[in-house]
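Visitor: Fold the following, please.
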Amino acid sequence: MPGGTKMKTLSLINTNLVSDSDIQLLSPVNLAGTDLHLGIVEVDEPHFDPNHEDNRNFVLVKVDAFSCNYRDKALILKSALKMAGSTGVDSLPFAFFGSDFVGRIIKKGTDVDHFDIGDRVIPDCAYPEPPFPSVAPGVVTNEASKGWLRLHKSKLIGIPDFMDDEIAASYSIGGQTSTSMIRKTGVQKGEKALVLSSRSNTSMFILNGLISKGIETTALTTSDWSEDEKRLISPTRLFKIERGAADWSEYSDLGKFDVIFDPYFDLHLINAIDLLEQGGRYITCGYKNQHPHFVEASDRKTDSERIHKSMLTLTINNLSIIGNCIGTSDDLNKSIEKFDPNKFIVPVDNTYSIENGDKFIDRTYNRNTRLGKAVLIYR
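Guide: Got it, this is the predicted structure:
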């Protein structure tokens, strides 16, 4: 039985099954050509018996705030497309989303000894090693917007009081991934680093880490930055190119680099290889076109001739291509230990109440001028 406490949560709505007479519907948001139907759904606190054998290593978390990562974009779109025209017995009326969050421990099992009731926690998405026997590594949840989360104790980490909820709700994946990428490249003072798609949240976390290490860094962008935004990443050099530029060789004053950090290999890999010094390292953690609907005209296709040329460059110059998926628990721990609210350069773009959940999603995925994450506050 539910525990009795209700919580208002943000959800995708199957409007074939649910109408505005059932719940409070928000304005539709267009995502990659598909209308997302969003609404406010009251969710009961789930029953959680701390003494039950199945719960002894688990906790019940109440989400205070959450945000969406780029990986969530494809998941949200897939859910919306599945709901469209779906009225069968297997159709879902609601679909929750989101993978970064901050919350409080509401209840805990008998074997949970490193958390107390009321502790503030964020996800530990450690990968690839399982954090506990029979517990899967990787992202903790795809349903942070659900509000109530029953989670294994090994999938969470406590945060300091001076990390506010807005930053905490958008921290885990960026902090863990960026720390892992910087560690894997072994970048040191005296080397030059290039960060691609520099307005992305992951890239901003990487810039934060490189600045703190005193690395000479260039941030590549296709967007305009305000003077305040430029000061935020100082002394990083900001270099602008045209969106969809076919060949970066025309930007001869960009220079060469020892290490290149790239969140979207499908956009940049071929051009990036030509910018590496002898023995240089290129590291990537993802790709842009995670769904066919995301492909844009400016996304240049990579032909076999360019791949052949790039592989030849890679071989002759002893270059390394490094893949990175999230990071270890130690990476997240180190990121949190180094967190200084007075020096942290990754801004929260804006915060939203649940009544403005449609604006939150629109800002997250449809506003290229955004710097930092949009965060939805539940408390």
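Visitor: wait, residue 331 sits on residue 181?
Guide: No: contact criterion CB atoms under 8 Å: residue 331 and residue 181 do not qualify, at 9.1 Å. For every residue, glycine as well, the C-beta is placed using N, CA and C.
Visitor: Neighbour count: the two, which is higher?
Guide: The neighbour count for residue 331 versus residue 181, taken as other CB atoms under 10 Å, is higher for residue 181 (27 against 24).
Visitor: show me what contacts residue 99?
Guide: Neighbouring residues of residue 99 by CB atoms under 8 Å, 6 or more residues apart in numbering: 68-69, 71-72, 123, 125, 139-142, 144, 173.
Visitor: my read: residue 35 touches residue 27, true?
Guide: No: if you go by CB under 8 Å, residue 35 and residue 27 don't touch, sitting 9.9 Å apart.
Visitor: re earlier: sitting in strands, which of the contacts of residue 99 do you find?
Guide: Among these, the residues falling in strands (DSSP state E) are residue 123.
Visitor: burial measure for residue 232, as a count.
Guide: Counted with other CB under 10 Å, residue 232 comes out at 19.
Visitor: Then residue 92?
Guide: The number of residues packed near residue 92 is 14, by other CB under 10 Å.
Visitor: try residue 132
Guide: By other CB under 10 Å, the residues close to residue 132 number 12.
Visitor: List the contacts of the residue nearest to it when sequence neighbours are not counted.
Guide: Computed as CB to CB, 6 or more residues apart in numbering, the closest residue to residue 132 that is not its neighbour in sequence is residue 154, at 4.0 Å. Neighbouring residues of residue 154 by CB under 8 Å, 6+ apart: 57, 124, 131-132, 135.
Visitor: Just give me the closest of those residues to residue 112.
Guide: Checking the contacts of residue 154 against residue 112 with CB to CB, the nearest one is residue 57 at 6.5 Å.
Visitor: Is the closest one in contact with residue 114, as I believe?
Guide: No: if you go by CB under 8 Å, residue 57 and residue 114 don't touch, sitting 11.2 Å apart.
Visitor: just the strands in the stretch 251-379 of the chain please.
Guide: Assigned by DSSP state E, counting those that start in this stretch, the stretch 251-379 of the chain shows strands spanning 257-262, 276-284, 320-323, 348-352, 373-377.
Visitor: in the longest one, what counts as buried?
Guide: So the one you mean is strand 276-284. Neighbour counts over strand 276-284 (16 or more other CB atoms under 10 Å) mark 276, 280-284 as buried.
Visitor: for it, what is the average pLDDT?
Guide: Averaging pLDDT along strand 276-284 gives 97.
Visitor: Tell me the strands beside it, with direction?
Guide: Strand pairing for strand 276-284, determined by DSSP bridges: strand 257-262 (parallel), strand 320-323 (parallel).
Visitor: Quick check: of the buried residues of strand 276-284, which lies closest to residue 354?
Guide: Nearest to residue 354 among these is residue 284, at 35.0 Å by CB to CB.
Visitor: so that closest one makes contact with residue 324?
Guide: Yes: Residue 284 lies in contact with residue 324 (CB under 8 Å); the separation is 6.9 Å.
Visitor: For the buried residues of strand 276-284, give me JSON lines that also has distance to residue 168.
Guide: Below are those laid out as JSON lines (distance: CB to CB, whole Å):
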{"residue": "276", "distance to residue 168": "36"}
{"residue": "280", "distance to residue 168": "35"}
{"residue": "281", "distance to residue 168": "31"}
{"residue": "282", "distance to residue 168": "31"}
{"residue": "283", "distance to residue 168": "26"}
{"residue": "284", "distance to residue 168": "26"}
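Visitor: So which of the residues you listed is the closest to residue 15?
Guide: Ranked by distance to residue 15 (CB to CB), the buried residues of strand 276-284 are led by residue 284 at 38.0 Å.
Visitor: For the closest one, which non-adjacent residue is closest in space?
Guide: Going by CB to CB, 6+ apart, residue 284 has residue 265 as its nearest residue, at 4.1 Å.
Visitor: That neighbour: neighbouring residues, count only.
Guide: Counted by other CB under 10 Å, the residues lying close to residue 265 total 19.
Visitor: Contact partners for residue 234?
Guide: Per CB under 8 Å, 6+ apart, neighbours of residue 234: none.
Visitor: Helices of the protein, residue ranges please.
Guide: 70-83, 165-168, 172-185, 201-213, 227-232, 265-273, 304-316, 329-338, 357-366 (DSSP state H).
Visitor: Can you say which of those is nearest to residue 118?
Guide: The closest of the helices of the chain to residue 118 is helix 165-168. By CB to CB, the value is 14.0 Å.
Visitor: Now do the buried residues in the closest one.
Guide: So, applying 16+ other CB under 10 Å, buried residues of helix 165-168: 165-168.
Visitor: List the beta-bridge partners for residue 63.
Guide: Per DSSP bridges, the residues bridged to residue 63 are residue 103.
Visitor: That one against residue 150, yeah?
Guide: No: with contact defined as CB under 8 Å, residue 63 does not reach residue 150; the gap is 12.0 Å.
Visitor: okay, these two: which has more neighbours?
Guide: Remark: of residue 63 and residue 150, residue 63 carries more neighbours, 24 against 16, as counted by other CB under 10 Å.
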